[in-house]
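Trainee: Generate coordinates for the sequence data below:
(one chain, ligands or ions: 1)
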Amino acid sequence: MLWFRNDLRVHDNPALDHALAQGDKQAIYLATPEQWQKHNQAPIKTDFILRHLQLLSEQLLQLGISLTIIDVGDFQGQIDYLREHAIKQNKAVIANSEIEINERDRDKKLQQLGCDLSLFCADVIVPHGKVVNLSSDMYKVFTPFKKSWLRYVRDNGFSYIYRYPKNKNSSLNSSSNSNSKQEHNCVLQLAALRKNLTTKDSSHWPLIDSVEANVIGNFLSDKISDYNQHRDIPSIKGTSGFSPYLAIGALSPRYLLVLIMQRYPDILISNDSDEFTWLNELIWREFYRHLLWHFPKLCKSENFREKYNALPWPNNPKRLQAWQQGKTGYPIVDAAMRQLNTTGWMHNRLRMIVASFLTKHLLIDWRLGEKYFSEQLIDCDLAANNGGWQWSAGTGCDAQPYFRVFNPISQSQKFDPNGDFIRKYLPELKEVPIKHLHFPHQYLAQQNLTCYWPAIVDHKLARLAALEFYKTNS
Ligand SMILES: Cc1cc2nc3c(=O)[nH]c(=O)nc-3n(C[C@H](O)[C@H](O)[C@H](O)COP(=O)(O)OP(=O)(O)OC[C@H]3O[C@@H](n4cnc5c(N)ncnc54)[C@H](O)[C@@H]3O)c2cc1C
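Mentor: Presented below is the predicted three-dimensional model:
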């Protein structure tokens with residue numbers, strides 16, 4: 001029995017490959033809406049998953065496999081289902097591994113119950129546990145991890161399974177009766193599942209088959225050469241936009257590395273190119289995933305660095321709400337939060353700015369920011385989200401030190417110099433001259449305009465308060 005989880009793809013899917021080699025014809029997806037709710041999954045991410053399940057089911061049919069989608073509630077529901085349909089019937093189960101603690105506990109429990117569960121690694125390029133220092137420990141700093149990761153890939157290569165889904169129209173038997181019936185079943189199952197879920201339209205993000213056909217090659221052959229120059233400018237579409245697909249396993253990171261190595265064969269040895277700057281981000285992704293695998297406490301919202309456990313975050317609810325709603329009076333922060341709230345995605349530079357602002361200017365616990373991000377992000381991924389928040393708050397592994405507090409005005413001047421991004425998301429500031437746009441309060445007062453929120457804190461005072469807060473409590 002092939003069990004799809006966070007690996008909604010046909011291409012480079014080791015569990016699927018194994019199942020095909022055994023001649024399996026049945027696959028299952030056991031949806032867990034209650035778990036999704038507990039983990040604050042964003043409605044837009046739920047919609048994105050459902051759309052990809054539909055695509056996956058069509059692609060699997062072309063391989064002769066039918067996918068059954070069942071709502072089982074939560075992880076216990078998955079265990080109960082597999083007890084009935086796999087353990088009692090002596091059927092082996094094949095899946096790709098998941099790194100989060102509840103998921104790992106569930107898999108362990110199933111094995112203890114006698115389930116013959118085989119797990120394969122599909123979420124990273126280098127398998128978890130393979131990039132370690134001389135004492136066999138996980139690296140606690142990114143740069144040595146990266147060097148060791150690169151060495152590992154150069155020396156050992158990485159596994160990759162080419163199984164590109166066939167073109168829908170040229171597929172074998174795609175119009176046969178049994179396939180049409182199965183497609184119809186899947187549509188009904190998804191419709192039934194959708195009824196119990198809160199979703200938000202994700203159609204702005206095309207399905208992975210269209211991204212593979214129209215976007216990935218173009219980005220890796222062309223746009224990547226400007227990545228270094230554009231990646232920090234939120235008004236430019238200078239980054240790949242692959243994160244939502246990686247987050248639900250619709251896109252394989254190993255496939256991306258194969259494509260990038262085809263175009264830039266020296267990429268693993270020449271680390272100063274624009275292309276490498278992009279690969280470096282994929283290695284950050286690997287770093288955080290390996291970290292979560294080694295340190296399950298990160299899944300329980302614990303600080304990586306225990307010395308910060310005693311921080312008495314004031315967590316002022318009005319400040320939290322102002323931040324969430326984009327009403328802090330700092331245009332770059334507010335525009336970023338409105339990008340998140342309206343599109344379900346936020347540019348990386350802005351994620352760093354708003355996370356720093358929440359934790360250091362407003363003294364709000366990073367866990368509340370992490371939770372709000374999960375509730376909104378289409379690309380939410382526990383490892384990267386936790387890593388990003390703990391980096392920003394200074395509590396994490398290889399984090400930004402607590403005394404580095406981003407200045408939201410100079411960050412805005414540097415990364416949105418013409419104000420294009422701010423004007424897009426804060427139309428109320430459209431007419432403010434660029435010289436005043438990054439902190440428009442004095443200008444607005446002179447013009448007798450009340451179209452914007454007063455600044456929630458004074459940057460200089462907030463910075464000093466943050467330094468004092470961290471110093472006295474750690
Ligand atoms: C506070 C905070 C929270 C974040 N939460 C998430 C999250 O929930 N999910 C998520 O995928 N990323 C998260 N990131 C990392 C990063 O912001 C996004 O991966 C990136 O913005 C996605 O856009 P892109 O696909 O265009 O990235 P590109 O710049 O094109 O990068 C390519 C890929 O590399 C990976 N990547 C890039 N930057 C990082 C990073 N700093 N850490 C880990 N992986 C990275 C992503 O998978 C990304 O798709 C967070 C960062 C911060 C500071």
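Trainee: When you work out contacts or count neighbours from here on, use the C-alpha atoms and nothing else.
Mentor: OK.
Trainee: host element of A19?
Mentor: Using DSSP states H and E, A19 sits within helix 14-21.
Trainee: buried sites along that helix?
Mentor: Neighbour counts over helix 14-21 (16 or more other Cα atoms under 10 Å) mark 14-19 as buried.
Trainee: Sketch out the low-pLDDT regions of the protein for me.
Mentor: Applying pLDDT under 70 to the chain flags residues 164-176.
Trainee: Show me which residues of stretch 39-55 are buried.
Mentor: 40-55.
Trainee: Just the residues you listed: which are in strands?
Mentor: Taking DSSP state E, every one of the buried residues of stretch 39-55 sits outside strands.
Trainee: which pair in the residues you listed spans the largest distance?
Mentor: N40 and L55 (24.5 Å; Cα to Cα).
Trainee: rewinding a little: convert the C-alpha atoms of the helix holding A19 to CSV, please.
Mentor: Listed next in CSV are the C-alpha coordinates belonging to helix 14-21 (Å, rounded to 0.1, in the frame of the first residue of the first chain):
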residue,chain,number,x,y,z
PRO,A,14,11.3,7.0,-4.0
ALA,A,15,8.3,5.5,-2.3
LEU,A,16,6.3,5.6,-5.5
ASP,A,17,9.2,4.1,-7.4
HIS,A,18,9.4,1.2,-4.9
ALA,A,19,5.7,0.6,-5.1
LEU,A,20,5.8,0.6,-8.9
ALA,A,21,8.6,-1.9,-8.9
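Trainee: As a check, name the ranges of all helices in the stretch 51-200 of the chain.
Mentor: 75-82, 101-112, 142-156, 177-195 (DSSP state H, counting those that start in this stretch).
Trainee: Need those helices in CSV (columns: distance to P127 and mean neighbour count).
Mentor: Putting those into CSV (distance: least, Cα to Cα, whole Å; neighbours: other Cα atoms under 10 Å) gives the following:
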stretch, distance to P127, mean neighbour count
helix 75-82, 24, 18
helix 101-112, 15, 15
helix 142-156, 10, 15
helix 177-195, 32, 15
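Trainee: Show me the one of the ones you listed that comes nearest the ligand.
Mentor: Of all the helices of the stretch 51-200 of the chain, it is helix 142-156 that lies closest to the ligand, at 10.9 Å by Cα to the nearest ligand atom.
Trainee: can you list contacts of the closest one?
Mentor: 126, 131-132, 139, 268, 280, 283-284, 287, 398 (Cα atoms under 8 Å, 6 or more residues apart in numbering).
Trainee: Off-centre distance for that helix?
Mentor: Computed by Cα atoms, centre = their mean, to the nearest Å, the chain-centroid distance of helix 142-156 equals 22 Å.
Trainee: Is it in proximity to the ligand?
Mentor: No. For helix 142-156, no contact with the ligand is found by Cα under 6 Å from any ligand atom; the gap never falls below 10.9 Å.
Trainee: Please identify which of the contacts of helix 142-156 is nearest to the ligand.
Mentor: Nearest to the ligand, judged by Cα to the nearest ligand atom, of those is W284 at 4.8 Å.
Trainee: The ligand contacts on the chain?
Mentor: 239-243, 246-247, 281-282, 284-285, 347-348, 351-352, 355, 379-381, 384-385, 388-389.
Trainee: If you count contacts, what does the strand or helix carrying R351 end up packed against?
Mentor: Using DSSP H and E, the element containing R351 is helix 348-356. Judged by 3 or more Cα pairs under 8 Å, 6 or more residues apart in numbering; DSSP states H and E, the packing partners of helix 348-356 are helix 331-343, helix 382-393.
Trainee: residue contacts, F357?
Mentor: So F357 contacts 333, 406, 408 (Cα under 8 Å, 6+ apart).
Trainee: how about 6 Å then?
Mentor: For F357, the contact set (Cα atoms under 6 Å, 6 or more residues apart in numbering) is empty.
Trainee: what comes up buried for the helix holding R351?
Mentor: Applying 16+ other Cα under 10 Å to helix 348-356 flags 350-356 as buried.
Trainee: Stretch 225-235 too?
Mentor: 225, 227-228, 230-235.
Trainee: Same check on stretch 447-461?
Mentor: Neighbour-count burial for stretch 447-461, counted by 16+ other Cα under 10 Å, picks out 452, 456, 459.
Trainee: give me the element the second one is part of.
Mentor: I456 is part of no helix or strand, with elements assigned from DSSP H and E.
Trainee: isn't it right next to T328, touching?
Mentor: Yes. In this structure, I456 is within contact of T328 by Cα atoms under 6 Å, at 5.2 Å.
Trainee: for the nearest residue to R5 once chain neighbours are set aside, which residues make a bridge with it?
Mentor: Counting by Cα to Cα, 6 or more residues apart in numbering, R5 lies nearest to Y29, which is 6.6 Å off, once chain neighbours are set aside. Under the criterion DSSP bridges, Y29 forms beta bridges with F4, I69.
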